[in-house]
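Peer 1: Return a 3D structure for these sequence lines:
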Amino acid sequence: MAYQLPPNERARLDKLHSLAVLTSGSDPILDTIVEIGCIAAKMPIGLITLLDAEWQWFKANRGLSKNRIPREHAFCNYTILNDRPLIVPDAEKDSRFSDNPFVRGKEHIRFYAGVPIEVEPGIRIGCLCVVDREPRKLGRDAIQILRRLADCAAERLRQRGNARLLEFFSAERRDQLKASLKMIDAAKVALAQNAFTLFYQPKFELRTRTRVGFEALLRWRQADGSVLAPAAFAEALDDPEFSCRIGSYVLGTAISQAKTWEQAGFEFGHIAINVSSSQFADTEGKMAFADEVLAATKSASLDPSRLHIEVTEGVLLSGRENQVARQLAQLRATGFKVAFDDFGTGFASLVHLKELPYDQIKVDGSFVRAMVNSEEDMAIVKAIVGLAQNLGKEVVAEGIETEAELSALIEMGCGYGQGYLFGRPAAASDVTKVEGNAT
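Peer 2: Numbering: from 1, shown residues only. Now for the predicted structure:
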């Protein structure tokens with residue numbers, strides 16, 4: 001026998017046969033899982049395989065004409081040996097598969113990525129896999145999608161939650177995924193073509209109406225000259241790989257602009273940038289975010305006080321709390337200010353306010369715009385301002401649009417703010433045309 005059997009092979013086969021799925025016919029949900037896997041991984045071939053004693057059965061199949069192959073030829077024999085995905089970038093260069101008839105024969109399989117389908121702890125009856133006839137690489141995000149799809153396949157094979165799965169894999173959801181992936185691809189191309197830019201919205205000390213800095217806001221320039229705000233390409237920003245790349249772009253561009261203004265004698269105060277959770281990920285070959293910031297500002301000879309780091313509750317509570325807190329503390333110790341952005345819209349607790357490293361709390365604009373006509377929103381803003389003051393933190397109110405809102409904020413002791421009352425986001429070339437204080 002040319003392949004290794006799992007230690008629990010007998011129990012694995014017993015479970016496979018007890019599910020009675022080998023002869024149950026095609027399954028539209030499993031077919032759809034495979035379709036989504038192919039779309040996410042951009043692969044022409046996708047399979048849900050079940051490994052019997054002598055045969056590998058294709059329970060769902062996109063791209064191959066067969067419905068089974070001899071088990072001794074199955075790549076998935078290696079995938080079910082543990083709970084991790086198996087990635088084969090080039091089968092011709094892998095001694096386990098280089099002589100496989102599906103590599104040497106007319107199918108000419110070169111790339112394989114498989115995720116085990118585990119129906120009980122340690123019981124892996126088959127795999128969800130995507131295949132190509134060319135050597136490939138597969139991004140971490142696509143692998144994570146395949147993991148989730150394999151979990152869904154396991155759920156379906158256990159014959160539970162059918163209604164939920166049918167809803168999840170509806171035609172509408174497939175179309176949404178296709179549109180999302182198309183948006184991510186377009187954003188990556190746009191970044192490579194320098195179609196992204198930063199706009200800058202001024203921040204003011206409220207009592208004196210003195211400008212103290214700017215927030216850098218990402219914009220995507222379109223071919224017709226219009227610009228898109230982040231809400232229009234949120235799917236791309238949710239993609240960890242793109243989010244990390246665009247975050248590095250924002251950091252570098254903001255630092256470069258700060259240095260340009262500094263050398264031109266334009267007193268801009270500071271520039272605040274928004275940071276995503278993916279930028280704090282511990283990725284092999286990638287510099288840690290704090291080190292990236294320190295290296296970039298040192299290279300530009302920019303004082304740390306010129307750059308503020310803004311993170312949302314989603315970043316602080318992303319499951320990487322320790323990494324985020326450690327790196328933010330490192331930046332604060334070096335002289336950078338950290339702002340807790342969009343406060344009040346998520347799930348941060350008082351414990352997080354006490355334990356996480358930050359200097360400012362930014363009140364979300366939705367509360368500010370509603371507070372003049374809503375006692376509840378006014379109470380929320382007052383509570384946030386009072387809490388920040390008691391904690392020794394600065395408060396920045398977002399979305400200030402009227403004099404009434406400004407007066408209320410000043411009265412309750414809010415120190416800083418931004419919004420259309422003071423200025424809309426503008427290109428860097430337009431910012432310097434407006435000197436001095438707001439009027």
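
Peer 1: Point me to the helix or strand that includes the nearest residue to residue 156 once chain neighbours are set aside.
Peer 2: Across the structure, with C-beta to C-beta, 6 or more residues apart in numbering as the measure, the residue nearest residue 156 apart from its sequence neighbours is residue 29 (5.2 Å). From N, CA and C alone the C-beta is placed, and that goes for glycine too. For residue 29, the enclosing helix or strand under DSSP states H and E is helix 28-41.

Peer 1: quick one: average pLDDT of that helix?
Peer 2: Taken as a whole, helix 28-41 carries a mean pLDDT of 88.

Peer 1: packing partners for that helix?
Peer 2: Counting contacts by 3 or more C-beta pairs under 8 Å, 6 or more residues apart in numbering; DSSP states H and E, the secondary-structure elements packed against helix 28-41 are strand 45-51, strand 55-62, strand 123-132, helix 140-157, helix 162-168, helix 171-192.

Peer 1: quick one: which of these is nearest residue 89?
Peer 2: Put simply, out of those the one that sits nearest residue 89 is strand 123-132, at 10.2 Å, with distance taken as C-beta to C-beta.

Peer 1: what's the angle from the closest one to helix 28-41?
Peer 2: In terms of direction (axes from the mean of the first three to the mean of the last three C-alpha atoms, to 10 degrees), strand 123-132 departs from helix 28-41 by 50 degrees.

Peer 1: which strands and helices sit next to strand 123-132?
Peer 2: Against strand 123-132 (3+ C-beta pairs under 8 Å, 6+ apart) you get helix 9-18, helix 28-41, strand 45-51, strand 55-62, helix 76-79, strand 111-120, helix 140-157.

Peer 1: And the contacts of the longest one?
Peer 2: Outside helix 140-157, the residues within contact range by C-beta atoms under 8 Å, 6 or more residues apart in numbering are 19, 21, 27, 29-30, 33, 36-37, 40-42, 48, 59, 85, 87, 113, 115-119, 125, 127-128, 130, 161-162, 165, 168-169, 239-241, 283.

Peer 1: List the buried residues in it.
Peer 2: The neighbour-count check on helix 140-157 (16 or more other C-beta atoms under 10 Å) flags 141-143, 145-146, 149-150, 152-157 as buried.

Peer 1: And the spatially closest residue to residue 296 that is not a sequence neighbour, its phi and psi?
Peer 2: For residue 296, ignoring the flanking residues on the chain, the nearest one in space by C-beta to C-beta, 6+ apart is residue 255 at 5.3 Å. The phi and psi values for residue 255, taken as degrees, to the nearest 10, are phi -60, psi -40.

Peer 1: Distance of residue 255 relative to residue 336?
Peer 2: Residue 255 sits at a distance of 12 Å from residue 336 (criterion: C-beta to C-beta, to the nearest Å).

Peer 1: can you list residues touching both of those two?
Peer 2: Overlap of the contact sets of residue 255 and residue 336 (by C-beta under 8 Å, 6+ apart) consists of residue 307.

Peer 1: Flag the shaky bits of this protein, pLDDT-wise.
Peer 2: Low-confidence segments of the chain, defined by pLDDT under 70, span residues 1, 160-174, 283-285, 316-320, 344-352, 433-439.

Peer 1: For residue 336, which non-adjacent residue is closest in space?
Peer 2: residue 304 (4.6 Å).

Peer 1: List of residues touching the helix or strand residue 200 falls within?
Peer 2: Secondary structure here is read from DSSP H and E; on that basis residue 200 sits in strand 196-205. Residues external to strand 196-205 that are found in contact with it (C-beta under 8 Å, 6+ apart): 190, 210-221, 227, 246, 249-250, 253-254, 257, 269, 271-272, 396, 415-418, 422-428, 431, 434, 437-438.

Peer 1: which of the residues you listed count as buried?
Peer 2: The neighbour-count test (16+ other C-beta under 10 Å) applied to the contacts of strand 196-205 identifies 190, 211-221, 227, 246, 249-250, 253-254, 257, 269, 271-272, 396, 415-418, 422-423, 425-426, 428, 431 as buried.

Peer 1: Just the CA trace of stretch 4-17, in CSV.
Peer 2: Once non-C-alpha atoms are left out, stretch 4-17 reads as follows in CSV (Å, rounded to 0.1, in the frame of the first residue of the first chain):
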residue,chain,number,x,y,z
GLN,A,4,-0.5,5.7,5.2
LEU,A,5,-3.8,4.8,6.8
PRO,A,6,-5.1,6.9,9.7
PRO,A,7,-4.6,5.2,13.1
ASN,A,8,-8.4,5.2,13.5
GLU,A,9,-9.1,3.8,10.0
ARG,A,10,-11.6,1.2,11.2
ALA,A,11,-13.6,3.7,13.2
ARG,A,12,-13.4,6.2,10.3
LEU,A,13,-14.8,3.7,7.8
ASP,A,14,-17.6,2.6,10.3
LYS,A,15,-18.6,6.3,10.6
LEU,A,16,-18.5,6.9,6.9
HIS,A,17,-20.8,3.8,6.3
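
Peer 1: So residue 395 belongs to a helix, correct?
Peer 2: No - residue assignment for residue 395, taken from DSSP: H, G, I helix; E, B strand; the rest coil, gives strand, which places it outside any helix.

Peer 1: Quick check: what element follows the single longest strand found in the chain along the chain?
Peer 2: Looking across the chain with DSSP state E, the single longest strand is strand 210-221. Remark: after strand 210-221, the chain's next helix or strand is strand 227-228, criterion DSSP H and E.

Peer 1: Tell me the strands beside that following strand, with direction?
Peer 2: Partners of strand 227-228 in the sheet, by DSSP bridges, are strand 210-221 (antiparallel).
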